[in-house]
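Visitor: sequence and predicted structure are below.
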Amino acid sequence: MSARIYVLGVDGGVSGAWALLGDDGSLDVIDTPTRKETINGSDRNRVDLVAMQGYLRFHQIDLVVFEKGQEIPRVGSDGRRRAQSGMYEYGRVNGIQEGIVATLGLAYVTVEPQAWKRQLHLLGKDKEASRALATELWGSKFWPAKSHHNRAEAALIAYYGMHHGPAA
């Protein structure tokens, strides 16, 4: 009997998600582990490093596939491109996740969004198309609302890693 292979797909950012896909078709999806932190009098979600470590240590994970974060600059009224204010936090969260994975000695790769989306015929399509494909593959249990598109994309990133990436 051969050992099972498990690939963790990571859709980055504090509002992202993790999806653990087994080569037997099993799927576990969670939102990026966070905790509430009060900053300047307002509650904010921050990544929960302890919960992340716990999840990664508790599960068998053969490969982690991170989606490479992309800045999507907004264009001001003057036509000039401006960085979005949330990009620093997005990059910080992704760096923390990669650091924890590396520290635990897990194998990992980073994939361009265009690469996995092209392979799954989603290039140029909106996030709802990702939810639709994920629903076709696994049902809608993990992403019942439009706002759960990050969960669907994490599952599709894991699928890409399992079937088209280094785990294939």
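Guide: That came in fine, so what should we check first?
Visitor: any idea how far Gln53 lies from Gly165?
Guide: Shown here: Gln53 relative to Gly165, a distance of 24 Å by Cβ to Cβ, to the nearest Å. Quick note: C-beta positions are derived from backbone N, CA and C, even for glycine.
Visitor: low pLDDT regions in this protein?
Guide: Within the chain, the stretches with pLDDT under 70 are 1-2, 70-77, 79, 81-86, 167-168.
Visitor: got the contact list for the biggest helix by length in it?
Guide: Ranked by residue count and defined by DSSP state H, the top helix of the chain is helix 87-103. Under the contact criterion Cβ atoms under 8 Å, 6 or more residues apart in numbering, helix 87-103 has outside partners 10, 12-14, 16, 32, 47, 49, 52-53, 56, 64, 66, 69, 71, 108, 110.
Visitor: again with stretch 15-31
Guide: 4-11, 32, 45, 55, 59, 61, 93, 138, 142-143, 148, 150-151, 153-155, 157-159, 161-162.
Visitor: filter the residues you listed down to just the buried residues.
Guide: The neighbour-count criterion (16 or more other Cβ atoms under 10 Å) marks 5-11, 32, 55, 61, 93, 138, 142-143, 148, 150-151, 153-155, 157-159, 161-162 among the contacts of stretch 15-31 as buried.
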